[in-house]
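> Predicted coordinates and the sequence they were generated for:
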Amino acid sequence: MATKNGKQSLQDFVKHQLEDARERFTAFEKEAELVLKGLVQKGKAQRKELEQLIDRLNAGELFQTENLKQLSRRANQASEQLRRRLEELQSRVVEAAGVASQAQVQQLSRELSRLSKKVDALVGKKKAPEVRPPAA
């Protein structure tokens, strides 16, 4: 009978261990289910927030913030200042090289056109030279 009692106690021990394991596993499943539900809710909330941001972006609302407007103004000012400085530098380089600027070339072109008209007018007033037949 000792072996029967030994077998019985071993069976009881294993049975209790299995029941404890089953209880722990059930508790673990419940905890995992709660965590999963929490993650799903967070995901839904983040998705909703993302959709709102996309809607605002599509509507151009995000670009209407004051910081963005200020940043845009500063970028435009910096761009304008850079353009002026480059024009000044270009003018100095042209002067140093002894090359006429575009404005000077345009002025010279107008003056040349004016003088050409005067010359054409003077030539038209002169008598046309007599054309002599070539000597044979």
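Everything's here; your move.
> Going by C-alpha atoms from here, please, whenever you check contacts or count neighbours.
Fine.
> and the next element down the chain from the helix or strand harbouring residue 31?
Take DSSP states H and E as the rule and residue 31 turns out to sit in helix 2-59. The helix or strand immediately downstream of helix 2-59 is helix 66-97, counting by DSSP H and E.
> quick one: buried residues of that following helix?
Applying a neighbour-count criterion of 16 or more other C-alpha atoms under 10 Å, one finds residue 91 buried in helix 66-97.
> so how far is that helix from its chain's centroid?
Here the centre of helix 66-97 is set off from its chain's centre by 21 Å, with C-alpha atoms, centre = their mean, to the nearest Å.
> residues in contact with the following helix or strand past that helix?
In the C-terminal direction, the helix or strand that comes right after helix 66-97 (DSSP H and E) is helix 102-125. For helix 102-125, contacts defined as C-alpha atoms under 8 Å, 6 or more residues apart in numbering pick out no residues.
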